[in-house]
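A.B. asks: just need the structure, nothing else, for what follows:
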Amino acid sequence: MIGDSSPKISVVIPVKEFNRNLDECIKHCLELDYPDCEIIVLPDFSIETLYNVRVVPTGAKGPSEKRNIGIEETTGEIVAFLDDDAFPSKDWLRNAVRNFNDEEIGAVGGPAVTPENDWLKEKASGTIYSSLLGGGVYRYRYIPQKRRFVDDFPSCNFIVRKSILKEAGGFRTKFWPGEDTALCLEITKKLGKRIVYDPDVLIYHHRRKLFIPHLKQVCSYALHRGYFAKRFPQTSLRVSYFLPTFFVFGLFFGWLTGLIHPLFYKVYLISIFVYLSMALLTGLKNKSPLYIFSGLILTHLCYGIWFIKGLLSGRLKEE
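C.D. replies: Got it, this is the predicted structure:
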């Protein structure tokens, strides 16, 4: 159990250099409704800031290395990881800390919602991630849904007991993205602690613009998840991660089943029609239907193809 109802929390923000998003992130962190927290920013090189935060230059290192340096610099009982292109809701930490009254809870995560004031192409990306067709069973990561226990969660909104981080050895892989998958595996499978998803532990996360930046991110996610299906099968070898790949195979090769029997070809055509209808309906619910419609299809194609690439890779480069 946490020794204090308001234990000190250290907010760790890895970043390359000072930027507009970081400025927004720090401003919201300083407005948090929490009595005892410190903010640690980890840029490549020293930056000038008027804000009351600790700046710890790290040199040109990857996000996981920066977070490990940040862990060593913290003085809090709990460490809250936040990306520089995200910013917290005012009660982010207050809502998170209540979960740690249960000794079995090692870490807490919450939704990373797309800000309402984002540009159209950024909001389209967020809509794809949070939609049923795009996010599927993982859409709770992008919009508030019911509280649950999870065993894999993104580090852009991840709050962990410092004692657990020390016991787990911090971020033990330099993969990016994917360093959080390895840490979650340590917490849940090896240390026997639980990770809770709390919809009230909410942050706002700026998205990559549709199309090219968004699709590059999707490809990177898929490549690593495909590789992790072999390296970390406990949490990555799941049917849900294979679905876009099944879609790709079905789209390009499903028509061949018509050579076996004409009925199979009809099933193939009906399946394509149903999928396109669902994509169109998802788009029509938003202000940018064509972006959403085409973005969903391209997202699934990119993920499905790069997942296969990761699955077949002998070894991926670690940043």
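A.B. asks: how does the protein divide into domains?
C.D. replies: According to the domain assignment given by automatic domain parsing, the chain is divided into the following structural domains: 9-209, 214-312.
A.B. asks: pLDDT weak spots in the chain?
C.D. replies: Scanning the chain with the threshold set as pLDDT under 70 gives 1-4, 173-176, 317-319.
A.B. asks: centre-most residue in it?
C.D. replies: Nearest to the mean C-alpha position of the chain, by C-alpha atoms, centre = their mean, lies residue 154 at 3.5 Å.
A.B. asks: for that residue, which non-adjacent residue is spatially closest?
C.D. replies: Beyond its immediate neighbours in the sequence, the residue positioned closest to residue 154 (C-beta to C-beta, 6 or more residues apart in numbering) is residue 180, lying 5.6 Å away. Every residue, glycine included, has its C-beta placed from N, CA and C.
A.B. asks: that neighbour touches residue 151, doesn't it?
C.D. replies: No - Residue 180 lies out of contact with residue 151 (C-beta atoms under 8 Å); the separation is 11.4 Å.
A.B. asks: looking at those two, which is more packed in?
C.D. replies: Neighbour tally, residue 180 and residue 151, criterion other C-beta atoms under 10 Å: the higher count belongs to residue 180, 23 against 14.
A.B. asks: what residues are up against the more buried one?
C.D. replies: Residues touching residue 180, when contacts are defined by C-beta atoms under 8 Å, 6 or more residues apart in numbering, comprise 152-155, 158, 171.
A.B. asks: and it, backbone torsions?
C.D. replies: Backbone torsions of residue 180, given as degrees, to the nearest 10, read phi -70, psi -30.
A.B. asks: measure it to residue 212 for me?
C.D. replies: Using C-beta to C-beta, to the nearest Å, one obtains 25 Å as the distance from residue 180 to residue 212.
A.B. asks: out of the domains of the chain, deepest packed?
C.D. replies: Counting by mean count of other C-beta atoms under 10 Å, domain 9-209 has the highest mean neighbour count of the domains of the chain, with a mean of 19.
A.B. asks: on that earlier part again, and the residue nearest to the centre of the chain, what does it touch?
C.D. replies: Shown in contact with residue 154 (C-beta under 8 Å, 6+ apart): 109, 112, 141, 180.
A.B. asks: residues contacting the second one?
C.D. replies: Applying C-beta under 8 Å, 6+ apart to residue 112 gives the contacts 86, 141-142, 154, 156-157, 203-205.
A.B. asks: returning to what we had before: quick check, the residue nearest to the centre of the chain in a strand?
C.D. replies: No - under the criterion used here (DSSP: H, G, I helix; E, B strand; the rest coil), residue 154 is coil, not part of a strand.
A.B. asks: which residue ranges form the helices in the chain?
C.D. replies: Listed in chain order, the helices of the chain (DSSP state H) span residues 20-30, 63-73, 92-97, 120-130, 132-135, 162-168, 179-185, 212-231, 233-236, 239-253, 262-284, 289-312.
A.B. asks: export the ones you listed to JSON lines and append columns for distance to residue 37.
C.D. replies: Rendered in JSON lines, the data for the helices of the chain read as follows (distance: least, C-beta to C-beta, whole Å):
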{"stretch": "helix 20-30", "distance to residue 37": "8"}
{"stretch": "helix 63-73", "distance to residue 37": "14"}
{"stretch": "helix 92-97", "distance to residue 37": "6"}
{"stretch": "helix 120-130", "distance to residue 37": "27"}
{"stretch": "helix 132-135", "distance to residue 37": "30"}
{"stretch": "helix 162-168", "distance to residue 37": "13"}
{"stretch": "helix 179-185", "distance to residue 37": "21"}
{"stretch": "helix 212-231", "distance to residue 37": "29"}
{"stretch": "helix 233-236", "distance to residue 37": "30"}
{"stretch": "helix 239-253", "distance to residue 37": "35"}
{"stretch": "helix 262-284", "distance to residue 37": "38"}
{"stretch": "helix 289-312", "distance to residue 37": "36"}
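A.B. asks: next one: residue 285 from residue 144, what distance?
C.D. replies: 18 Å.
A.B. asks: between the contacts of residue 112, which is nearest residue 129?
C.D. replies: Of all these, residue 129 sits closest to residue 142, with 4.6 Å by C-beta to C-beta.
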